[in-house]
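S.K.: Everything below, folded, please.
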Amino acid sequence: MLKRLTAVLLTICAITVPTACKPIDTKPVVPVDITVEDFESGKDAEVPPSHTTPPLVITPPETTAIKAPEFARVRFAAAGDNLIHSSIYKQAASRSENGGYDFSYAYENVAGLISGADIAMLNQETLICNDEYEPSTYPLFNSPKALGDHMLDIGFDVFTIANNHTLDKGVKGLLACLDYWDARENAVVAGAYRNAADRDNIRTNEVNGITFSYLSYTEYLNGLTIPEDSDIIIGNALDIELMESEIKKADKISDICVVALHWGVENSDVITDYQRQTAKRLSEAGADIIIGTHPHVLRNIELIDRSDGSQTICAYSLGNFISAQDVGQRLIGGVLQFDIMLLLDDTAQERDKRPVFTGIEFIPVITHYDRAFADLRLYKLSDYTPELADSHGVKTGSAFSYDFIIQTLEKNIDERFLKLS
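M.R.: Residues are numbered from 1 along each chain as shown. As a prediction, this is how the structure comes out:
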């Protein structure tokens, strides 16, 4: 009986107590026809249907969908000096079936590292003089057109040409080299320019919604100079203020500014205070990526903190990509790979539009040849073996072994970035 009394009281409360969703009903409540005797007898009370409480309906507030941030991603790869000695181009000539040059054997083992990137950059150390000159080797290099064509075929699309061999064939040879590259629509080439107007036309490309700009400079020209009556210009890495000025211009027309520096002392893996100070200045000017070449050996990779909270990735030297040099350390190079992520939102604040580098990896690449520089080819370290190292032709005059390779890499490349397998 107590349960029935409770049920009736709850029903009465439901009728008389106002809710937050409905105004108070000021009409008199018709009493329910029920007596104490009904409770005692267990008789069910009947509530008139006209006085039942309507169901409570709650309407959720209207909401506006928030669009998720859209990020662009670009996979970037960079390699060091493409240094083509005579043994490399003569080998390519002997492997050709049509009287030209076939460079595929030398590069085929590492081509996948390049083709897998959205942007792949290479320091083309030797001139490609549009086949107006015969191929030549050290000290005044020139490579056949077939070399450049093959670099494009395996996936390189950005080439830096400011280096100590840029004037190996004089101004006439450099102009022929620029003619070659100008005829390759898919190639972005920086570092040497026909005149001031050409230099002011900063090279750019757009990939996956991100605009990149490219600048290239060298500290050396091997004692060669541009004649006073020539309009030719080569990027000068000794003029820091000029580099800062050009970087600031590039930064205004691009999302990512890439700077190539051909600098440092050959055959030394020591990063100098001057290099770190220069890299810091260029970073603050707007350089997002700095790729160093020239020493022919590896130097470390660092992330430089900028005053705005962002970072610059700086590889002080990527060593040789390929060469026929005869010192073991110069045969250990590699490919630097990383992802660049950027927020694509014109309304975002500047601090939220800074680039972020992820997946940074240095993948070692070994130049291998047999006796007398025969059958020269590249290997990823993950495909190289102690047996191959023991058979390397360089061992006739230089220290070299698989352990030597590992020791060199661990000495010079930050373990956070070094990929040994």
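S.K.: Please name the nearest non-neighbouring residue to Ala72.
M.R.: Gly209 (4.3 Å; C-beta to C-beta, 6 or more residues apart in numbering). Bear in mind the C-beta positions are built from the backbone N, C-alpha and C, glycine included.
S.K.: And His165, by the same measure?
M.R.: Once flanking residues are discounted, His165 sits nearest to Phe141: 5.2 Å by C-beta to C-beta, 6+ apart.
S.K.: I'd assumed Asp168 was in contact with the one you found.
M.R.: Yes. If you go by C-beta atoms under 8 Å, Phe141 and Asp168 touch, sitting 5.3 Å apart.
S.K.: ok, the residue nearest to Ala72 - how many residues close by?
M.R.: Residues lying near Gly209 (other C-beta atoms under 10 Å) number 13.
S.K.: do the same with the one 5 residues further on
M.R.: Burial of Tyr214 is recorded as 26 neighbouring residues (other C-beta under 10 Å).
S.K.: Tell me, how many residues neighbour Thr385?
M.R.: By other C-beta under 10 Å, 10 other residues sit near Thr385.
S.K.: ok, now which ones touch the residue nearest to it when sequence neighbours are not counted?
M.R.: Distances taken as C-beta to C-beta, 6+ apart place Tyr402 nearest to Thr385, at 7.3 Å, with adjacent residues excluded. Applying C-beta atoms under 8 Å, 6 or more residues apart in numbering, we find Tyr402 in contact with 384-386, 389-390.
S.K.: Of the residues you listed, which belong to helices?
M.R.: Under the assignment DSSP state H, these contribute 386, 389-390 to helices.
S.K.: Contact partners for Thr293?
M.R.: 80-81, 123, 125, 160, 163, 260-263, 317-318.
S.K.: what pairs with it across the strands?
M.R.: Thr293 forms beta bridges with His262, as assigned by DSSP bridges.
S.K.: Spatially, and excluding backbone neighbours, which residue is closest to Tyr133.
M.R.: In space, Tyr133 is closest to Asn142, 4.9 Å off (C-beta to C-beta, 6+ apart).
S.K.: isn't there a helix covering Ile281?
M.R.: Not quite, residue 281 is Arg, not Ile. Yes. According to DSSP: H, G, I helix; E, B strand; the rest coil, Arg281 belongs to a helix.
S.K.: ok, it touching Ser245?
M.R.: No. With contact defined as C-beta under 8 Å, Arg281 does not count as touching Ser245 (11.7 Å).
S.K.: Give me the pLDDT value at Leu344.
M.R.: pLDDT recorded at Leu344 is 83.
S.K.: let me fix that: Val8
M.R.: In this model, Val8 is scored at 39, pLDDT.
S.K.: Kindly report the same for Lys353.
M.R.: pLDDT at Lys353 comes out at 71.
S.K.: Distance of it relative to Leu224?
M.R.: Note on Lys353: its distance to Leu224, by C-beta to C-beta, to the nearest Å, is 42 Å.
S.K.: and what of His85?
M.R.: Taking C-beta to C-beta, one finds His85 at 20 Å from Leu224.
S.K.: of the two, who's got more company?
M.R.: His85 (20 against 16).
S.K.: what helix or strand does the spatially closest residue to that one that is not a sequence neighbour sit in?
M.R.: Distances taken as C-beta to C-beta, 6+ apart place Ala324 nearest to His85, at 3.8 Å, with adjacent residues excluded. Using DSSP states H and E, Ala324 falls within no helix or strand.
S.K.: dump the residue contacts of Ala324.
M.R.: Ala324 neighbours (C-beta under 8 Å, 6+ apart): 85-88, 367, 369, 373, 376.
S.K.: One more pass at 10 Å, please.
M.R.: Taking C-beta atoms under 10 Å, 6 or more residues apart in numbering, we find Ala324 in contact with 83-91, 137-138, 330-331, 367, 369, 373, 376, 393-394.
S.K.: What does it show for phi and psi?
M.R.: Main-chain torsions, Ala324, degrees, to the nearest 10: phi -120, psi 40.
S.K.: quick one: it from Leu331, how far?
M.R.: Following C-beta to C-beta, the distance that separates Ala324 from Leu331 is 9 Å.
S.K.: And Met121, by the same measure?
M.R.: For Met121 relative to Leu331 (C-beta to C-beta), the value is 21 Å.
S.K.: more crowded one of these two?
M.R.: Between Met121 and Leu331, counting by other C-beta under 10 Å, Leu331 is the more crowded of the two (29 against 26).
S.K.: so is the residue nearest to the more buried one when sequence neighbours are not counted in a helix, a strand, or just coil?
M.R.: Leaving aside its chain neighbours, Leu331 sits nearest to Thr367 (4.3 Å; criterion: C-beta to C-beta, 6+ apart). State at Thr367, reduced to three classes by three-state DSSP: strand.
S.K.: Can you report how many residues neighbour Thr367?
M.R.: 24.
S.K.: what's Ser136 in contact with, if anything?
M.R.: By C-beta under 10 Å, 6+ apart, Ser136 lies in contact with 84, 86, 89, 126-127, 129, 142-143, 168-169.
S.K.: Please convert the buried members of those residues into PyMOL selection syntax.
M.R.: Buried residues within the contacts of Ser136, by 16 or more other C-beta atoms under 10 Å, are selected in PyMOL with:
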select buried, resi 84+89+126+127+129+142+143+168+169
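S.K.: gap between the residue minimising distance to the centre of the chain and Phe400?
M.R.: Computing the C-alpha centroid of the chain and ranking residues by C-alpha atoms, centre = their mean puts Phe76 first, at 3.0 Å. Shown here: Phe76 relative to Phe400, a distance of 31 Å by C-beta to C-beta.
S.K.: A strand includes Asp339, no?
M.R.: Yes. The assignment for Asp339 by three-state DSSP puts it in a strand.
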